[in-house]
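*Asks:* Give the three-dimensional model of this entry:
(one chain, ligands or ions: 1)
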Amino acid sequence: MNVYTYSSNTQLNEAAAGLIAATLQQKPNAVLGLATGSTPIGVYEKLVEMYKEGKISFKGASSFNLDEYVGLPRDHSESYYSFMHHHLFQHIDLPEDKALIPQGNTNHPKEECTRYDQLIQEAGGIDLQILGIGHNGHIGFNEPADSLSGATHVVTLHEETRKANARFFNSIDEVPTHAITVGMAAIMKAKCILLLVRGADKADIIHKALNGPITTQCPASFLQLHPNLIVMTDSEAGRNL
Ligand code: GLP
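*Replies:* Numbers count the residues shown, from 1 in each chain. Predicted coordinates for the structure are as follows:
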């Protein structure tokens, strides 16, 4: 594991976007695993800037997002589909049919999970997986539990997670109760994982995830086992590392 702590958000964004750019330069048809949440937004902004300057192209690449809420229409402002289009996809040359996100607004979520795993497999797996971390140690929407699922699955969101995400909705009642998330297998099989962590409120959980016991009660702790994990934090999140 390689841990890098940056004194400014700009440096963190540049370093993370630089790693993604290097992946695309080495392998123009790279398969990217993408995350939502507030943490990667600055990295996506930097990637858009680099694309506009002609420094990178996503033309040959494909991407799989980690998760999506169940029951939100795609055009809802807080769907992860809307998030990705707003922050990244509408600004770059990644072909629309190669930018994949689980379809949460379906009557057949289990079939959607199977279909999504098949698509990841057919693409040859993830080359570079971008991750954030929840305050309870969740990655994607793999919540702490007595057991974890390897496959893409439907998950009941923890109250803590719904509360944390309520800031994006008018009230907590509007936050969906379920989501589809890529499971631990696709994440752990990624050739490289880039875990991004910002803010003092994440200092304890990132310390626990990287230094504590490997336990299903902290899904991010399994990242300790990954052979090619890169962690980038700001100085507040990384103060105990
Ligand atoms: C969300 C997402 C995760 C994200 C996490 C942290 O619920 N499903 O992929 O990493 O919560 O979000 P933030 O970066 O806003 O703290």
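*Asks:* I'd assumed residue 64 was in contact with residue 123.
*Replies:* Yes - assessed by Cβ atoms under 8 Å, residue 123 is found in contact with residue 64 at 7.3 Å. Every C-beta, even on glycine, is put in place using the N, C-alpha and C of the backbone.
*Asks:* anything in contact with each of those two?
*Replies:* Common contacts of residue 123 and residue 64, defined by Cβ atoms under 8 Å, 6 or more residues apart in numbering, comprise residue 31.
*Asks:* more neighbours, these two?
*Replies:* residue 64 (25 against 16; other Cβ atoms under 10 Å).
*Asks:* So the more buried one: helix, strand or coil?
*Replies:* With DSSP: H, G, I helix; E, B strand; the rest coil as the basis, the three-state label of residue 64 is strand.
*Asks:* wait, what's in contact with the residue lying closest to it once chain neighbours are set aside?
*Replies:* Distances taken as Cβ to Cβ, 6 or more residues apart in numbering put residue 100 closest to residue 64, at 5.0 Å, once the chain neighbours are dropped. Contacts for residue 100 (Cβ under 8 Å, 6+ apart) come out as 62-65, 116, 119.
*Asks:* Contacts only, for residue 129.
*Replies:* Residues counted as contacts of residue 129 (Cβ under 8 Å, 6+ apart) are 32-33, 187, 190, 192-194.
*Asks:* run the last query once more with 7 Å
*Replies:* Residues in contact with residue 129 (Cβ atoms under 7 Å, 6 or more residues apart in numbering) are 33, 187, 190, 193-194.
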